[in-house]
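>>> The following block contains a protein sequence and its predicted model.
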Amino acid sequence: MKWILNSPRPSLNAARAVLLILVAAFSLGGPLRLAQAQTPGPHYVVPEGEALSTIAYRFGVTIDALVAANPGLNPDLVRAGAALTIPGSPALAGTLTTHPLEQGETLASLGHRFGQQPATLVQLNGVLNPEQLYFNEKIVLLEQGDALTAMPAGRAYPATAQLGLLGLSAAHNQNPWALAATNQLAPARLLPQALVYIPGGDRPLTGLPAPLSELLVGPLPAVQGHTLSVKLTTDAPATVQGTLGVWTLTFEADASAPNTHYALQGLPRFLEADLYPLVITATLASGQVVNLVQRLPTREGEFLSDGPLTVDPATIDPAVTEPENALIAAAVAPVTPERYWLGPFVLPSVGVERSQYGSLRVYNGGALTGFHTGVDYSGPIGQPITAPAPGVVVFKQLTTVRGNATLIDHGWGVYTGYWHQSEQLVNVGDRVETGQVIGLNGNTGRGTGPHLHWEMFVAGVQVDPRQFVEWAFP
């Protein structure tokens, strides 16, 4: 028997109430149950570890309202497995459950997939704007039988100005009136881009409009300083464009998979945790345009703070740092359509990691001057530095801040940088392979001792390079 405590210090009366309930339960020899709810409405089975406050928030009601709807409910002590009546929807009956919103899913596709009325979904989830739904959001569904699935397979087809409900029905050998009833549509009021769900086939029903067949966004959750991969597969050749918030996504075709497109986007270290619209547009050879919009939640990362550092004042002078930053930004701006790597990256040095990506930094006792844009590895001068993945050298210079600096282009907007080298062993234009020695560890530029600073840029954004070691992008 497990309990969820919502109050860190239960009152004496509450403790006595618990004792009485336990005595009653064991004396009757049966499980604990709430008194029969008097308020009509659907009920929700409390899962393991969920607090009453969380339940109240999810359904947009107060704790007092839950207590009133469930006579005998102790707000300080809620048993996992208890069935709570949820007030506010007296005309509904059944068991409430949740479903994580899959990529590309919409309220309309959920309604068809699980046999839910759109108005019921809006009411249960308090939806004001369907476009505000986001990846992995827990959508509340109403179970009114042994199974939720009403239409397990099918495709969603967007209507066009030339191809309305009658045209779609004819193209897919469907009865237009039955199709209108299935989609709860008025045939004469079918607008362009409205989705019509046609049952049948062997694909699980999703919210992706044909010819979009698969959307994968990951790794999730999306975190500050991480890289995000967007994969889109279409049934037919298409040109794919997209945006994520203010960033333009550059989609590249995967040579090994027909009609599969990838875009990689770095998320800045100080990106505000929020919902960002992911907008994808696919244009077919026929000229048909298909749009998809879904929101992506981002969260803050966990970063450290480095101790105060003392460096040459010339290396933190904005008159020096800003032109050098602009030089590097220009070098990593082009997006090479060829991807040179396959699988995870490897570490470029066998030195000990001494400073992580994202750490806050203060130089020479001054104010906070930003964050650590890469990962530092300590090691003696002359220790070999190796390429973490195949690529092409696009930058080799002696700079004030970065010292002897080398940049490798790995394709698809992914670049890695190697700062503070004592010696550079490759030249611009060289093709390098995984494990090839590209330079030697040093102490040139801004630093407090010999080390390698390893940096990564994805779509022009500085990100944590260790993620590419742990995850096989794209």
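Received, thanks.

>>> From here on, just use CA atoms for contacts and neighbour counts.
OK.

>>> how about Thr243, secondary structure?
strand (DSSP: H, G, I helix; E, B strand; the rest coil).

>>> That one contacts Ile280, doesn't it?
Yes. With contact defined as CA atoms under 8 Å, Thr243 counts as touching Ile280 (6.7 Å).

>>> per the record, what domains does this structure have?
3-85, 95-143, 153-204, 212-299, 313-470 (automatic domain parsing).

>>> Tabulate those (CSV), appending distance to Gly307 and mean pLDDT.
Output for the domains of the chain, formatted as CSV (distance: least, CA to CA, whole Å; pLDDT from 0 to 100):
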stretch, distance to Gly307, mean pLDDT
domain 3-85, 37, 67
domain 95-143, 38, 83
domain 153-204, 53, 76
domain 212-299, 19, 94
domain 313-470, 7, 95
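
>>> Who does the closest residue in space to Thr260 that isn't next to it in sequence form a beta bridge with?
Excluding the flanking residues, the one nearest Thr260 by CA to CA, 6 or more residues apart in numbering is Thr233, at 4.4 Å. Beta bridges link Thr233 to Glu214, Thr260, judged by DSSP bridges.

>>> ok, Thr233 to Arg295 distance?
19 Å (CA to CA, to the nearest Å).

>>> same question, Ala333
Distance of Ala333 to Arg295, computed by CA to CA: 26 Å.

>>> can you check Asn70 too?
Distance of Asn70 to Arg295, computed by CA to CA: 36 Å.

>>> measure the closest residue to Thr406 other than its chain neighbours to Gly429 for me?
Counting by CA to CA, 6+ apart, Lys396 is the residue found nearest to Thr406 once chain neighbours are left out, at 4.6 Å. To Gly429, Lys396 is 10 Å away according to CA to CA.

>>> what about the two, which has more around it?
Using other CA atoms under 10 Å, the more surrounded residue of Lys396 and Gly429 is Lys396, with 18 against 12.

>>> so that one makes contact with Asn404?
Yes. Counting by CA under 8 Å, Lys396 touches Asn404, with 7.4 Å between them.

>>> okay, and the common contacts of these two?
Shared contacts of Lys396 and Asn404 (CA atoms under 8 Å, 6 or more residues apart in numbering): Gln424.

>>> helices or strands up against the strand or helix carrying Ala119?
Taking DSSP states H and E as the definition, one finds Ala119 inside helix 118-125. Under the contact criterion of 3 or more CA pairs under 8 Å, 6 or more residues apart in numbering; DSSP states H and E, helix 118-125 touches helix 52-59, helix 107-114, strand 138-143.

>>> Output the ones you listed in CSV, with mean neighbour count and distance to Gly343 appended to each entry.
As requested, these are exported to CSV (neighbours: other CA atoms under 10 Å; distance: least, CA to CA, whole Å):
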stretch, mean neighbour count, distance to Gly343
helix 52-59, 16, 40
helix 107-114, 22, 34
strand 138-143, 20, 32
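
>>> Going along the chain, name the helices of the protein.
12-28, 52-59, 63-69, 107-114, 118-125, 165-171, 176-182, 318-331, 466-470 (DSSP state H).

>>> Would you mind finding the most buried of these?
Highest mean neighbour count among the helices of the chain (mean count of other CA atoms under 10 Å): helix 107-114, with a mean of 22.

>>> Let me know the angle separating that one from strand 138-143.
Between helix 107-114 and strand 138-143, the angle comes out at 40 degrees (axes from the mean of the first three to the mean of the last three CA atoms, to 10 degrees).

>>> and helix 107-114, what other elements does it pack with?
Here helix 107-114 touches helix 118-125, going by 3+ CA pairs under 8 Å, 6+ apart.

>>> Now do the helix it packs on: everything it contacts.
Applying CA under 8 Å, 6+ apart, the contact partners of helix 118-125 are Arg58, Phe59, Leu107, Ala108, Gly111, Val127, Leu128, Ile139, Val140, Leu141.

>>> Give the closest residue to the fourth one in space, chain neighbours not counted.
Nearest non-adjacent residue to Ala108, counting by CA to CA, 6+ apart: Pro118, 6.8 Å away.

>>> in stretch 331-349, what's buried?
Going by neighbour count (16 or more other CA atoms under 10 Å), the buried part of stretch 331-349 is 331-335, 339-341, 344-349.

>>> Would you mind pulling the contact partners of that stretch?
By CA under 8 Å, 6+ apart, the residues outside stretch 331-349 that reach it are 252, 377, 384-391, 394-395, 409-415, 434-435, 452, 454, 457, 459-460, 466, 468-473.

>>> CA atoms only: put it into PDB for me.
In PDB, the C-alpha atoms belonging to stretch 331-349 read as follows (Å, rounded to 0.1, in the frame of the first residue of the first chain):
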ATOM      1  CA  ALA A 331      34.400  30.900 -41.500                       C
ATOM      2  CA  VAL A 332      31.700  28.700 -40.000                       C
ATOM      3  CA  ALA A 333      28.800  30.300 -41.800                       C
ATOM      4  CA  PRO A 334      28.700  28.200 -45.100                       C
ATOM      5  CA  VAL A 335      26.700  25.000 -45.100                       C
ATOM      6  CA  THR A 336      28.400  22.300 -47.100                       C
ATOM      7  CA  PRO A 337      25.700  20.000 -48.700                       C
ATOM      8  CA  GLU A 338      27.900  16.900 -48.300                       C
ATOM      9  CA  ARG A 339      28.100  15.100 -44.900                       C
ATOM     10  CA  TYR A 340      31.600  13.800 -44.300                       C
ATOM     11  CA  TRP A 341      31.100  11.900 -41.100                       C
ATOM     12  CA  LEU A 342      29.100   8.800 -40.200                       C
ATOM     13  CA  GLY A 343      28.300   7.700 -36.600                       C
ATOM     14  CA  PRO A 344      29.500   9.300 -33.300                       C
ATOM     15  CA  PHE A 345      32.600  11.600 -33.100                       C
ATOM     16  CA  VAL A 346      35.600  10.600 -31.000                       C
ATOM     17  CA  LEU A 347      37.500  12.800 -28.500                       C
ATOM     18  CA  PRO A 348      40.300  14.800 -30.100                       C
ATOM     19  CA  SER A 349      42.700  14.500 -27.200                       C
END
